[in-house]
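In: Next come a sequence and a model predicted from it.
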Amino acid sequence: MATERYNARTSEPKWQKAWDQAKLFETSNDDPRQKYYVLEMFPYPSGRIHMGHVRNYTMGDVVARHRRALGYNVLHPMGWDAFGLPAENAARDRGVNPRSWTYQNIEAMKAQLKVMGLSLDWAREIATCDPSYYKHQQRMFLDFWKAGLVERRSAKVNWDPEDMTVLANEQVVDGRGWRSGALVEQRDLTQWFFKITSMSQELLDSLDMLDKWPEKVKLMQANWIGRSQGVLLRWPLDPATAPSGETELEVYTTRPDTIFGASFMAIAGDHPLARKSAEGNPALAAFIEDIRHGGTSAAEIETAEKKGFDTGLRVVHPFDPDWLLPVYVANFVLMDYGTGAIFGCPSGDQRDLDFANKYGLPVVPVVMPEGADAKTFRILEEAYVDDGVMINSRFLDGMAPKQAFDEVATRLAGVSVGGRPQAERKVQFRLRDWLISRQRYWGCPIPVVHCESCGAVPVPQSELPIELPVDVTFDRPGNPLDHHPTWKHVDCPQCGRHARRDTDTMDTFVDSSWYFARFTDPWNEAAPTTLSVVDGPNGWLPVNQYIGGIEHAILHLLYSRFFARAMQATGHLNSVSEPFEGLFTQGMVVHETYRGPDGWVTPAEVKVEDFDGSRRAFLLTDGTPIEIGSIEKMSKSKKNVVDPDDIIGSYGADTARWFMLSDSPPERDVIWTEAGVEGAHRFVQRLWRLVSEAAPTLAGVVPASASEGVAGAISKAAHKTVKAVGEEIERLGFNKAVARIYELANALQAPLAEIAAGKASPAVKSAAREALDMLVILIAPMMPHLAEECFAVLGGSGMVADKPWPDFDQALVVDSEIVMPVQINGKKRGDLTIARDADQGAVEKAALELEVVQKALEGKKPRKVIVVPQRIVNVVV
RNA sequence: GCGGACGUGGCGGAACUGGUAGACGCAAGGGACUUAAAAUCCCUCGGCUUCGGUCAUCCGGGUUCGAUUCCCGGCGUCCGCACCA
């Protein structure tokens, strides 16, 4: 019986239109069913979707469609992270308008996403560059400010003198601006900050409750927040050496226990004491200048030598007025951590040891391993950093370091120097406040007016949004908002005198820190969120399943966690402080690279052939041999990009989706291969054949499960697959769900051929009918178009996208008879088929009667017989 | 340097809390159908083997009746942070 091949090109648009017309994926906030919120990280509208998007959105779509089938009220929205530098770069490079460039890109990408057949609620689409979105962001900025969560202060920034703008650290390459190539300067600018450090402890502690987040991401966040417990310790300066007005040096240390091993102090080049000392000391000034210009790249830091310069200053040891220690300026001490000063204990810190050895400073061991001899224990090239016993430390000798820590902290806390205790316990975080000011055009304007007499004044809420001007030019460097002839000139909202708008815009991470909340009611013009639907008993948040790339493990996710708390504090959320209940970080899409005589070549230009197991590549046009390079992330520079449009155009969306879900575990990288895509496409065709060829003979057959014979085997296979696929989708094991579906298709192949040939019993037909009905629904989350087509040919009414997930019969999922492997001395030697509920004694008896066992025993008694119920029998001879 | 993850056929990968190692797919080889090709279908597919076995999950030890899984020590790959006091 000849069946036409499945034609994705006609089928897919047809069903997409049908879903659209039925408004199947438009979600109502009033729907009383249990809510489920699936979200994939929204894209930047660069112009075209890439394979990473295809993978990300396919996974989300499987979860969304599966939950929908399970009867949830599913929210699965899509929007655009639409502010950012590329639009401005396009404006500078090609003279286009950032706004129209962005909106054109959105249109193009939306069309591409639609072709993928995603179950998205487009009625809730938002773009962060739209005033109807950023209006609320401006309002929240002001609310946060009022709540004490925003601060304006001076900060060091990377300044590109040519482009006249601030650069993010990532935009500084080898000390130069990534676009201009100009040497970047450190400048002090007054900037806006979100006070995320006020929540350091809370953000750290709450990580423990995120049990549906990858451990890896939680660990990365914990390290980023970087809590350490130590002591602030004040060392009096030796008056004979101190600069005028200076009396002490304050350091932060996590190891006060090693205080008797101290042999020097080290301060950062930017430390006030260093600057003061340098005033009358040109050599020191030159040294400070030198280390300031040291490279900051990873490679340079790794190889950087420990360098220091003796300031001539001396400090007095807190426990010994006669003990003076030198103060060095050192290149490895950072001004922005702790106090910018440390005491060096060479025996307990490798860095300090290297430094001491270089400058001939004493090395006194103060901790030795348990059981070592204090008289002979020496530290030469390697510091001892582990736990042990205190030595050479006067009243601390014999204590454990932890005990010594407390002893020192307590003793010095009781000593008053200048009216303050000499030591104070202090918890220190690595986390910095979030600098949100950017000197750029294409971002959310900061709604503040600067007035000479009133200072920084919030724009009244009634005047929001402060919209970006449309008539801007990019013909000169710097911020177009600053250059605009009129935009920044306004009257002060407080005193009415002439004032100036803040011309900075917000970091685009602000835009993405609350979009998930906006999706819950994007129609609310009066407020960022609608409290009755955003969270709480009838609300959407937290997002039940959030899916995106690992590259956002720290910043985006941490900022969003901060935002949720800040929104709660300012009344924009009811009770949710963790915005994402479940997080999944998917792997990248990677591809082989190809390199010809004239550089990188795209996969589309290459044909790969197999010669006795070794693969070789040639140029399609003239057969030039091409070198097959390493497998790498798809990138324009390596030209190893495969365009989703091409794949969907030639194979269809379902093939692309199926391939993305097959084989590779979703958290790992998936290697895009032509052979793999063809394999996926073969399965699409095979399923279609399977269903469409059987459909005529199964028309009108009533689905029913069976438990015996051929029909029973069919039913058991189907019901087991329903169970397994459901479980795997729930734990996002898409590759395993795919494998189970292959197994069912394999199991149905032969019986369906019999049926098509008219040789099957009614029971078999009924079982097959039920199995096929189930199969069609099982594939629907992954290959929704094919599923609809199969459903239709089987005579189903309505659409699969609207059908409930099938139930499985527990009795069919467990076999009444099982095959137990029988081991002798832990090696498998035979099988035992026995009733599932057979008791241990019966199993043991049956196992011992097996021929292989009898043979191994040679008439002797077994030493031991282990029976693991329903698992295995092991006979120890 | 610190922290973490991982290491299984030619390849991507399965194997639930320690219980039959290699599910499923890709590639390869053989066969059927065809004038031929494509498509499709069937078979084989870790090594060695005297066909009974035997060795195999990075390497070396250990715990256990039994280890891909747990412990110790190496080696390798990848990721994050980076002179954090």
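Out: Sure thing, it's come through.

In: Stretch A:391-398 - what's its average pLDDT?
Out: Averaging pLDDT along stretch A:391-398 gives 94.

In: Distance-wise, check A:D598 relative to RNA strand B.
Out: When Cβ to the nearest atom of the strand, to the nearest Å is the yardstick, A:D598 and RNA strand B sit 27 Å from each other. Bear in mind the C-beta positions are built from the backbone N, C-alpha and C, glycine included.

In: quick one: contacts for A:Q494?
Out: A:451, A:454, A:457 (Cβ atoms under 8 Å, 6 or more residues apart in numbering).

In: where's it relative to A:V776, distance?
Out: 67 Å (Cβ to Cβ, to the nearest Å).

In: for A:A617, same thing?
Out: Applying Cβ to Cβ, one obtains 40 Å for the distance of A:A617 from A:V776.

In: More neighbours: these two, which one.
Out: Ranked by neighbour count (other Cβ atoms under 10 Å), A:A617 and A:V776 place A:V776 first, with 25 against 22.

In: The helix or strand encompassing that one packs against which elements?
Out: Take DSSP states H and E as the rule and A:V776 turns out to sit in helix A:762-779. For helix A:762-779, the elements it packs on are helix A:674-698, helix A:709-730, helix A:734-756, helix A:784-793, judged by 3 or more Cβ pairs under 8 Å, 6 or more residues apart in numbering; DSSP states H and E.

In: Please identify the deepest-packed of those helices.
Out: When you average the neighbours per residue for each of these (mean count of other Cβ atoms under 10 Å), helix A:784-793 leads with a mean of 24.

In: check whether that helix contacts RNA strand B.
Out: No. Helix A:784-793 stays clear of RNA strand B (Cβ under 7 Å from any atom of the strand), getting no nearer than 14.8 Å.

In: repeat for stretch A:44-60
Out: No. Interface with RNA strand B: stretch A:44-60 contributes nothing (Cβ under 7 Å from any atom of the strand), its closest point being 13.0 Å away.

In: Go through that stretch and flag the buried ones.
Out: Using 16 or more other Cβ atoms under 10 Å as the test for burial, stretch A:44-60 gives A:44-46, A:49-60.

In: Now do the helix holding A:V776 against helix A:709-730, angle only.
Out: Note on geometry: by axes from the mean of the first three to the mean of the last three Cα atoms, to 10 degrees, helix A:762-779 and helix A:709-730 are set 10 degrees apart in direction.

In: got the angle for helix A:762-779 vs helix A:734-756?
Out: For helix A:762-779 and helix A:734-756, the angle between their directions (the same axes, to 10 degrees) works out to 150 degrees.

In: in helix A:762-779, what counts as buried?
Out: Here helix A:762-779 shows A:763-779 as buried, counting by 16+ other Cβ under 10 Å.

In: How many neighbouring residues does A:A108 have?
Out: A:A108 sits with 15 neighbouring residues when counted by other Cβ under 10 Å.

In: quick one: contacts for it?
Out: If you count contacts by Cβ under 8 Å, 6+ apart, then A:A108 has A:47-48 around it.

In: Just the buried positions in the helix or strand that contains it, please.
Out: If you go by DSSP H and E, A:A108 is part of helix A:98-115. By neighbour count, with 16+ other Cβ under 10 Å as the criterion, the buried positions of helix A:98-115 are A:98-99, A:101-103, A:105-106, A:109-110, A:112-113, A:115.

In: ok, so of the contacts of A:Q494, who is nearest RNA strand B?
Out: The shortest gap between RNA strand B and any of these belongs to A:V457, at 35.4 Å (Cβ to the nearest atom of the strand).

In: show me which of the contacts of A:Q494 neighbour RNA strand B.
Out: Applying Cβ under 7 Å from any atom of the strand, the subset of these adjacent to RNA strand B is empty.

In: pLDDT weak spots in chain A?
Out: Within chain A, the stretches with pLDDT under 70 are A:1-3, A:169-170, A:172-175, A:293-304, A:610-614.

In: can you do 80?
Out: A:1-4, A:156-158, A:163-186, A:290-305, A:608-616, A:826-827, A:851-852, A:855-861, A:877 (pLDDT under 80).

In: measure A:F808 to RNA strand B for me?
Out: A:F808 sits at a distance of 15 Å from RNA strand B (criterion: Cβ to the nearest atom of the strand).

In: Tell me which helix or strand that residue sits in.
Out: Element membership of A:F808, judged by DSSP H and E, is empty: it is in no helix or strand.

In: which ones are touching it?
Out: A:719-720, A:722-723.

In: Now do the contacts for A:Y742.
Out: A:F683.

In: A:G230 falls within a helix, correct?
Out: No. Secondary structure of A:G230, determined by DSSP: H, G, I helix; E, B strand; the rest coil: strand, with no helix assignment.

In: Hmm, it is touching A:V251, no?
Out: No. Counting by Cβ atoms under 8 Å, no contact exists between A:G230 and A:V251, whose distance comes to 9.5 Å.

In: burial of the closest residue to RNA strand B within the stretch 401-550 of chain A, as a residue count?
Out: RNA strand B sits closest to A:R430 of the stretch 401-550 of chain A, with a gap of 4.1 Å, by Cβ to the nearest atom of the strand. Counted by other Cβ under 10 Å, the residues lying close to A:R430 total 14.

In: Check whether it really touches A:L204, as I assumed.
Out: No. Checked against Cβ under 8 Å, the pair A:R430 and A:L204 is beyond contact range at 10.7 Å.

In: what is in contact with the two at once?
Out: Residues touching both A:R430 and A:L204 by Cβ under 8 Å, 6+ apart: A:225, A:227.

In: Out of the buried residues of stretch A:44-60, which is nearest to RNA strand B?
Out: Relative to RNA strand B, and with distances defined as Cβ to the nearest atom of the strand, the nearest of the buried residues of stretch A:44-60 is A:R55, at 13.0 Å.
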